[in-house]
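Enquirer: sequence and predicted structure, then a few things I'm wondering about:
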Amino acid sequence: MTHMFKSGIFNFAPIPPGSVANMSRRFVLKGFVAAGTLVVGTSFLPGKGRADWATGAALMPGGTKNNPHLFIAIDPSGEVTIIANREEMGTGIKTSLPMVVADEMEADWSRVHVQQATGDNEKWGNQDTDGSRSVRHWVQPMRQCGAAMRMMLEQAAATRWGVELSSVKAENHRVVNLATGEIAGYGELAAAASALPMPPVEALQLKNPRDFRYIGTGSIQIVDLYDITVGKAVYGIDAKMPGMKFAVIARPPVVGGKLVSYDATETLKVPGVEQVVVVPGATWPLKFRPLGGVAVIARNTGSAIKGREQLKIVWDDGPNASYDSVAFRSQMEASAGQPGLVVRDDGDAEGALKSAARVISATYYIPHLAHASMEPPTATAHVTNGTCVAYVPAQYPGGCHDDLAAVLGIPASNVTVNLTLLGGAFGRKCNWDFALEAALLSKATGVPIKVVWTREDDLQHDSYHTVSVERIDAGVDTNGRVVAWRHRSVAPSLWSTFDGSQVHEHPIELGMGFVDNPFDIPNLRCENPACAAHVRIGWFRSVSNIPHAFAIQSFVAELAAATGRDPRDMLLELIGPDRVLDPTKFRGVTNFWNYGDPVSTYPIETGRLRRVTEIVAEQIGWGRTLPKGHGLGIAAHRSFLSYIATAVEVAVDDKGNITIPRVDTAVDCGFYINPERIRSQVEGAAVQGTALAKNSEITFKNGRAQQSNFDGYLLARINEVPLNVNVHIVPADWNVPSSGLGEPPLPPFAPALCNAVFAATGKRIRSLPIGNQLAT
Amino acid sequence: MVTLRVNGQDYTYDGDPSVPLLWVLRDELGLTGTKFGCGIGLCGACTVHLDGAALRSCLLEVGQVGGKEVVTIEGLSPDGNHPVQVAWRETSAPQCGYCHAGQIMQASALLASTPKPTQEQILAAMDGNICRCGCYQRINEAINLASAGV
Ligand code: FES
Ligand code: FES
C-alpha cells in the first residue's frame, strides 16, 4: 500500500517504467566558467526557510504552493514520487524542480519518480509555463517543500526513537539517530511522516548549498530521456482514448474570416471519412478561441487529410483580406519616420539631436515568425454527460481548463486537463484554441476526438511573432560620445489578440528591452507610433526582445563603425559604469513591467551586463587575427531579468554563404539549479537564432500566409548551424535571486551574428532574414 | 486488406491503402513513437526503416509497403540499447525530444551502412531531419560517439 498524502496523487496513471533517470557525469563542469573565478557574492544565510527574495509569483493565477502533502508521496518500500506541476516542453523543468525537492528532502534520486500534475492552478499553484519564470518563481517554494518533508521524516524518526529532533539527521533516503547510530529508511517512516502537518515556513531549515547533491551539479538527466530514445514518451499528439476518431479542420484562409457555405459530397466518399462537422469560430478579437471552420472526422488522420482536400468551401475573408506584408512594411516605415507616443523621455533627446555634431540613423525590420514547434498544435478530448476529459500539450493548463468549461457550458469541476509532454512550444501552446476545437468536436459527435494541425495549418494559422520596424537616431558629439538616442518601435501588439483597439505596444512589450534600455546616455527618448494588427499575434520565445535587441545591438556596432571605434568598446562604453537602475524612475515610463517581478528584487544591474560582455569577448578572443572572410560580432541584452552576452565568429565565402565556426555565450541568471539544461537551452537558442537571422519569414498577401511548409518557411538544419557553442555560466549563490533562462539566450544571437557579418564583409544587415542579401 | 510486418509482428489494415504508412502506424496500430512533423518529406520526424533503409513514412502509401520489413523506433532494439540510443542518452541529446525518434532512426541507418562516417557524411545524412529546439550539437556528438563505440 502506498501512503496517500492528502492530495491523493496516486489517482493518476501509474508511472511508466523507465522514468527513473540514470546519473551521467558526462556534462559535469564541461564548458563552464571555472568555479570561483566570477563569484558574485558570498553572503549565504543558512537556516532560513522563509522567502529570501520577493517575486511576483503570488500575482499569478493560483500563486505558489509549498506543501509536501501536495507534491510528495513515499511508498513503504521507500520509492518517492514527486509531482512536477509545470509542463515539459524541452527546458528540463519537469526534472529540475522535482530535483530541487529531492535534494532538499535528502532523497536518493535513483529512487525518485516524477509524475506530471494535471492542469489545475488552484490545486498545484500556477502552471503557466512561460515567461522564463519556472525557476525564479518556484525554486523557493520547492526548496521549502523538500525541507518540510525532510523535517517531517526526521520528526517521525525522533518520535519513534523517543529522542529530540536535534538528535536525528536525514541523510540520503534515511534518517540516522546521531546518538545510537540507528537507522530508519524513508519507507519505514512514510506512514508516520505523512500524518504530520507541514511545519511552519519560519521553522524550516534549508540545506546549506555545500551539501547539495543535485542542485547546481548538472549531473541529473531529464526523467523522460530513456522513453524519448525508445519512442515511448507521450506527447500531446500521442494521447489515446478508446473509440477515438481523428479530425483535421479547414480554417478560414484569412484570420477573422467566416464560413459562408460548404459542400462535403466528395469528402464523404473518401474511404475512412466518417463525418463532416462545422466548428464555430469566435469573433475578433479572437482571444484563445477557435478560428472556426469545417472539420473532417475519420478513422485515421491520413484519411481525414484526404477528405479535407475534397471539401468545397466558400469563405467570407472578412476585415483582414487585404493584409499585405510589403505594403504594411512601407506603412510601418513611414510611421517610424514620424513622432509617436512617448514612452520614455530622459533629458532632452530632440534638443540634443539638433545640437549634436553628427546624427547617425538606421532602421531595422524583422518579419512575422511562426513558432513551428515540431509537434504541431494538437489535442484530444472526450465530452460526455456534462464532463470533459482532455489531453493537451498546454503551456497554460489552468486557463485552458477554465475555457474548456466556458465553451462547453459545464462546471469547471467537470473538466479534467491531463498534461502530456509538449513537442516544443515556444509560446504557441500558450494559446489553447486547439484544445477547444477538440472538445467542441467531441461534444458534437459524442466520441473522443483527436485534432491534429497539419504543418500547413500551423504555419498559416499561427499566433505569429509580431512584425516590426525599429528606427534609432543617435546624436554624437565631437569626441564621438553618444549624447542623444531616440528609438522608435513600430509593431502590432500581442494585446490586440484580447483587445481589438490595442494599437500601441503593451507595457509588457515596452518593458522587453525598449524603455528599459540601460545605456548611459543623458538624453534618451523612446517612442511608439501606433500600429494595428491584422493577424493573431502571440508570444514567441523572448517576444519583443527579439526586435528591440536586434535594433539596439546592431546599432551599437553601427555607431562604432561610424565613429571609428571598436564595437566591443562601444558597447561597454554605452553600458557605462556599474549602476543599479530602477526603470520605474525613468522619466516618461509608466506602468513599467519588470517581467512580473519587483524591481526591488530585480533592478537593472549594469555591472552584470558589462561582465557577461567582457566574458564572451575574452572567450572568443576578441581582437585576434582572423582568416580571410571571417568576422567577430558581439551583443548583450538583459531579458527576463537575466543578463546574456553572445559573441559569434562568422565566415562568409565568396558567394556570400555563411558558416558559423564558433559561438560564445555568457549567462548570468542568478542562482541556478541545472547547468546542464542551461547549456542545452543556449545551444538551442544558437540554432533558433540562426534560423531567424538567416532563413525564417512569414509573409502575407491578400490576408493569406504565403508559406505553408518547411520548403517556404525555412528553419535551420544541422549543416548550417554553429556546432561549436561554448556556454559560460556566471556562478551565483543563493543570495542572487534566480532569473529566467529559457528565453534570454535568443535575443542577442541575431545582432551578434549580423555584427560579425559586417566585420567580415562590410555589409550591414538591417532586415531579417539575411536570405540572399549577401549573395554576390 | 493490407498486411504489414512491423517490428517483427504481423498486422492487417482494412482501410484505404493510399493512406501514408505514418498514419497507419500511429492511428491504427497505436505505434506513436513515429512522429508527424510536415507530412511531405521535409523534416524527417516520421523516419522508419524499410528493409533497413531510412525512409519517410509520411511519403509511403501503406499499400506500397507490402511484404517489406518495417522497423520503427519501438523496434530498433529489444532492450532500447542500440548504440545510437545509448549515445543519445550519454550526451543528453534531447530537449523536447519530439524529433528524436526520427533522428535516431536516421542516424542508426547511417551507421549501419557507414560505421565510421566522416563529419561531412554525418551532416549530409542528417540534414533532412529538423530539430526546432536545436539539439544539433549533441546529435552530432552522439553520432560521433556511437560510431566510435560507446
Ligand atoms: S513528417 Fe515525414 S518528413 Fe516530415
Ligand atoms: S528536441 Fe524538440 S524538436 Fe528536436
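Expert: Structure received. Ligands and ions are numbered 1, 2, ... in the order given.

Enquirer: quick one: average pLDDT of whichever strand or helix holds residue A:562?
Expert: Assigned by DSSP states H and E, residue A:562 belongs to helix A:545-563. Helix A:545-563 carries an average pLDDT of 98.

Enquirer: do stretch A:588-602 as well
Expert: pLDDT averaged over stretch A:588-602 gives 97.

Enquirer: what do you get for stretch A:88-103?
Expert: pLDDT averaged over stretch A:88-103 gives 98.

Enquirer: hang on, the earlier thing: any idea which helix or strand comes after the helix holding residue A:562?
Expert: Criterion used, DSSP H and E; the element after helix A:545-563 is helix A:567-575.

Enquirer: check the gap between residue A:610 and residue A:150 for me.
Expert: 40 Å (Cβ to Cβ, to the nearest Å). C-beta here means a position set from N, CA and C on the backbone, and glycine is covered the same way.

Enquirer: gap between the two ends of stretch A:221-233?
Expert: 15 Å (Cα to Cα, to the nearest Å).

Enquirer: do it and chain B meet?
Expert: Yes. Interface with chain B: stretch A:221-233 contributes A:221-222, A:224-226, A:228-233 (Cβ under 8 Å from any Cβ of the partner chain).

Enquirer: run the chain-centre distance for that stretch.
Expert: Its chain's C-alpha centre and that of stretch A:221-233 lie 22 Å apart, by Cα atoms, centre = their mean, to the nearest Å.

Enquirer: what's the closest non-adjacent residue to the one residue sitting closest to the centre of chain B?
Expert: Centroid-nearest residue in chain B: residue B:105, 3.0 Å away (criterion: Cα atoms, centre = their mean). Leaving out its chain neighbours, the residue that sits closest to residue B:105 by Cβ to Cβ, 6 or more residues apart in numbering or on different chains is residue B:47, at 4.2 Å.

Enquirer: got a list of what the one you found touches?
Expert: The contact partners of residue B:47, by Cβ atoms under 8 Å, 6 or more residues apart in numbering or on different chains, come to B:34, B:54-57, B:101-103, B:105-106, B:129.

Enquirer: state the pLDDT value of residue B:149.
Expert: At residue B:149, pLDDT is 86.

Enquirer: just residue A:31 next, same as before
Expert: pLDDT recorded at residue A:31 is 29.

Enquirer: where does chain B dip in pLDDT?
Expert: Residue ranges of chain B with pLDDT under 70: B:150.

Enquirer: still on that earlier bit, is it possible to get JSON lines of the residues of stretch A:221-233 next to chain B that adds neighbour count and pLDDT?
Expert: As requested, the residues of stretch A:221-233 next to chain B are arranged in JSON lines below (neighbours: other Cβ atoms under 10 Å in any protein chain shown; pLDDT from 0 to 100):
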{"residue": "A:221", "neighbour count": "23", "pLDDT": "98"}
{"residue": "A:222", "neighbour count": "29", "pLDDT": "98"}
{"residue": "A:224", "neighbour count": "25", "pLDDT": "98"}
{"residue": "A:225", "neighbour count": "23", "pLDDT": "98"}
{"residue": "A:226", "neighbour count": "22", "pLDDT": "98"}
{"residue": "A:228", "neighbour count": "28", "pLDDT": "98"}
{"residue": "A:229", "neighbour count": "31", "pLDDT": "98"}
{"residue": "A:230", "neighbour count": "24", "pLDDT": "98"}
{"residue": "A:231", "neighbour count": "23", "pLDDT": "98"}
{"residue": "A:232", "neighbour count": "20", "pLDDT": "98"}
{"residue": "A:233", "neighbour count": "29", "pLDDT": "98"}
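
Enquirer: turn those into TSV, including secondary structure and distance to residue A:465.
Expert: Output for those, formatted as TSV (DSSP: H, G, I helix; E, B strand; the rest coil; distance: Cβ to Cβ, whole Å):
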residue	secondary structure	distance to residue A:465
A:221	coil	32
A:222	coil	27
A:224	coil	28
A:225	helix	30
A:226	helix	34
A:228	helix	27
A:229	helix	32
A:230	helix	34
A:231	coil	31
A:232	coil	33
A:233	coil	28
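
Enquirer: in those, find the pair that's most separated.
Expert: A:221 and A:231 (17.7 Å; Cβ to Cβ).

Enquirer: show me what contacts residue A:418?
Expert: Neighbour list for residue A:418: A:118-119, A:239, A:389-392 [criterion: Cβ under 8 Å, 6+ apart].

Enquirer: domain-wise, how is chain B divided?
Expert: Domain ranges of chain B: B:2-76, B:83-149, per automatic domain parsing.

Enquirer: please work out which of these is packed deepest.
Expert: domain B:83-149 (a mean of 22; mean count of other Cβ atoms under 10 Å in any protein chain shown).

Enquirer: centre of the chain to stretch A:492-508, how far?
Expert: Distance, stretch centre to chain centre, for stretch A:492-508: 20 Å (Cα atoms, centre = their mean).

Enquirer: could you export it as PDB, CA atoms only?
Expert: Below are the C-alpha coordinates for stretch A:492-508, written out as PDB (Å, rounded to 0.1, in the frame of the first residue of the first chain):
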ATOM      1  CA  PRO A 492       1.400  45.400 -33.800                       C
ATOM      2  CA  SER A 493       0.800  44.400 -30.200                       C
ATOM      3  CA  LEU A 494       0.200  41.000 -28.800                       C
ATOM      4  CA  TRP A 495      -2.600  42.500 -26.800                       C
ATOM      5  CA  SER A 496      -4.600  43.000 -30.000                       C
ATOM      6  CA  THR A 497      -5.500  39.300 -29.500                       C
ATOM      7  CA  PHE A 498      -7.500  40.300 -26.500                       C
ATOM      8  CA  ASP A 499      -8.500  43.900 -27.300                       C
ATOM      9  CA  GLY A 500      -9.100  44.900 -30.900                       C
ATOM     10  CA  SER A 501      -8.500  48.600 -30.100                       C
ATOM     11  CA  GLN A 502      -4.900  48.000 -28.900                       C
ATOM     12  CA  VAL A 503      -2.600  49.800 -31.400                       C
ATOM     13  CA  HIS A 504       0.300  50.500 -29.100                       C
ATOM     14  CA  GLU A 505       2.800  48.100 -27.500                       C
ATOM     15  CA  HIS A 506       1.500  47.000 -24.200                       C
ATOM     16  CA  PRO A 507       3.700  47.800 -21.100                       C
ATOM     17  CA  ILE A 508       4.800  44.100 -21.200                       C
END
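
Enquirer: picking that back up, would you list the residues of stretch A:221-233 next to chain B in JSON lines and tack on distance to residue A:382?
Expert: Putting those into JSON lines (distance: Cβ to Cβ, whole Å) gives the following:
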{"residue": "A:221", "distance to residue A:382": "34"}
{"residue": "A:222", "distance to residue A:382": "30"}
{"residue": "A:224", "distance to residue A:382": "25"}
{"residue": "A:225", "distance to residue A:382": "30"}
{"residue": "A:226", "distance to residue A:382": "29"}
{"residue": "A:228", "distance to residue A:382": "27"}
{"residue": "A:229", "distance to residue A:382": "30"}
{"residue": "A:230", "distance to residue A:382": "28"}
{"residue": "A:231", "distance to residue A:382": "25"}
{"residue": "A:232", "distance to residue A:382": "23"}
{"residue": "A:233", "distance to residue A:382": "22"}
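
Enquirer: so which of those is the closest to chain B?
Expert: residue A:231 (2.2 Å; Cβ to the nearest Cβ).

Enquirer: my guess is the closest one meets residue B:33, correct?
Expert: Yes. At 2.2 Å, residue A:231 counts as touching residue B:33 under the criterion of Cβ atoms under 8 Å.

Enquirer: mind listing the helices for chain B?
Expert: With helices called from DSSP state H, chain B shows them at B:21-23, B:62-65, B:83-90, B:100-113, B:119-126, B:136-148.

Enquirer: near ligand 1 at all, the second one?
Expert: The reference is to helix B:62-65. No. Shown here: helix B:62-65 not in contact with ligand 1 (Cβ under 6 Å from any ligand atom), separated by at least 13.9 Å.

Enquirer: that helix: how far from the chain's middle?
Expert: 17 Å.

Enquirer: that one - contacts with which helices or strands?
Expert: Here helix B:62-65 touches strand B:2-6, going by 3 or more Cβ pairs under 8 Å, 6 or more residues apart in numbering or on different chains; DSSP states H and E.
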